[in-house]
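Undergrad: can't give you the sequence, but here's the structure:
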């Protein structure tokens, strides 16, 4: 039986690495595109690359979304059955500081992949998945956001992803290409980038516990998000391309929690009792009770969370929660990992990594 070939852009990121593992278990041959860099950034996939089982099933290629020639060269050589585009400048806060770069990578980068599929004559062979985002909704138009909810992007990141969403639909309708969007709501894991708020929390608290930092600084505690696990979401991405026809799907847990709730649950898992004081920019969290034997670097009444104005965005999105009923009905998908298990996994991972680094 001929094995399917998949090409993943952004393979060194959270989603790309989990998808690579998932597809290899599905007996795919997996190819990934990574940018040429002066530093190694393959830590999320090194375990795959070094696994002898995948010696002839996992390959990396140098390429860049802003270099159409490199994309066309790789796509023409591989002739993949499926392409998953996870490459992006994906940090909302950073997009306000780098709007031009964010727009180029996220918008024109997606167009370059689609055009390469067309130019290589692979429209009838290659299925394309575009990783879209709940940030498209921005200013909320409905209580729960579905595929039919109007978009109102409120950041350069979201605006760039809106172009990518529509150009994907345009190629689908213009050339009958199997090109689909997955509108992913927030999804986290131990592989989440360290500047994203959930990972910032679990890593920051781990560093405080080991006496490496004194306080965690956050922005808007009351932002509400629909948080799932990246492992669940990459399975859904695959299901989108297995559907009988190209279409767009919301990927979400349909449950919503605040940043403050996430912080509280992390402390609860650690069995550290905290209490919140103050309001707005003066809101803080202090340690009220803990096991001194377990946490020798902590102190009673120690302020462990403070608010910093610099982490507020120029245009805040305060409330996102998805309606994934279409995916549940048509693709028979539902998330398996809840937020408490997600928090446990992320906290355990960061605590263990810091413990190991201190031993070294």
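TA: Great, that's in hand. Quick caveat: nothing in here was measured; it's all calculated off a predicted structure. Numbers count the residues shown, from 1 in each chain.

Undergrad: Residue 240 belongs to a helix?
TA: Yes: under DSSP: H, G, I helix; E, B strand; the rest coil, residue 240 falls within a helix.

Undergrad: Neighbours of it, how many?
TA: If you count neighbours by other C-beta atoms under 10 Å, residue 240 ends up with 23. No exception for glycine: its C-beta is placed from N, CA and C like everyone else's.

Undergrad: State the distance from it to residue 189.
TA: For residue 240, the distance to residue 189 (C-beta to C-beta, to the nearest Å) stands at 19 Å.

Undergrad: Let me see the contact set for residue 84.
TA: 6-9, 16, 19, 129, 131, 237, 241 (C-beta atoms under 8 Å, 6 or more residues apart in numbering).

Undergrad: same thing with residue 96?
TA: By C-beta under 8 Å, 6+ apart, the residues touching residue 96 are 155-156, 313-315.

Undergrad: do residue 317 as well
TA: For residue 317, the contact set (C-beta under 8 Å, 6+ apart) comprises 92, 135, 137-139, 154-155, 158, 223.

Undergrad: now the residues you listed in a markdown table, with secondary structure?
TA: Below are the contacts of residue 317 laid out as a markdown table (three-state DSSP):
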| residue | secondary structure |
| --- | --- |
| 92 | helix |
| 135 | helix |
| 137 | coil |
| 138 | coil |
| 139 | coil |
| 154 | coil |
| 155 | coil |
| 158 | helix |
| 223 | coil |
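
Undergrad: count of neighbours near residue 61?
TA: By other C-beta under 10 Å, neighbour count at residue 61 equals 17.

Undergrad: Can you tell me the closest non-neighbouring residue to it?
TA: residue 74 (4.8 Å; C-beta to C-beta, 6 or more residues apart in numbering).

Undergrad: Check which helices and strands the host helix or strand of the one you found is in contact with.
TA: Counting by DSSP states H and E, the element that carries residue 74 is helix 68-78. Packing partners of helix 68-78 (3 or more C-beta pairs under 8 Å, 6 or more residues apart in numbering; DSSP states H and E): strand 5-9, strand 29-34, helix 109-119.

Undergrad: mind redoing it with 6 Å?
TA: Using 3 or more C-beta pairs under 6 Å, 6 or more residues apart in numbering; DSSP states H and E, the elements in contact with helix 68-78 are helix 109-119.
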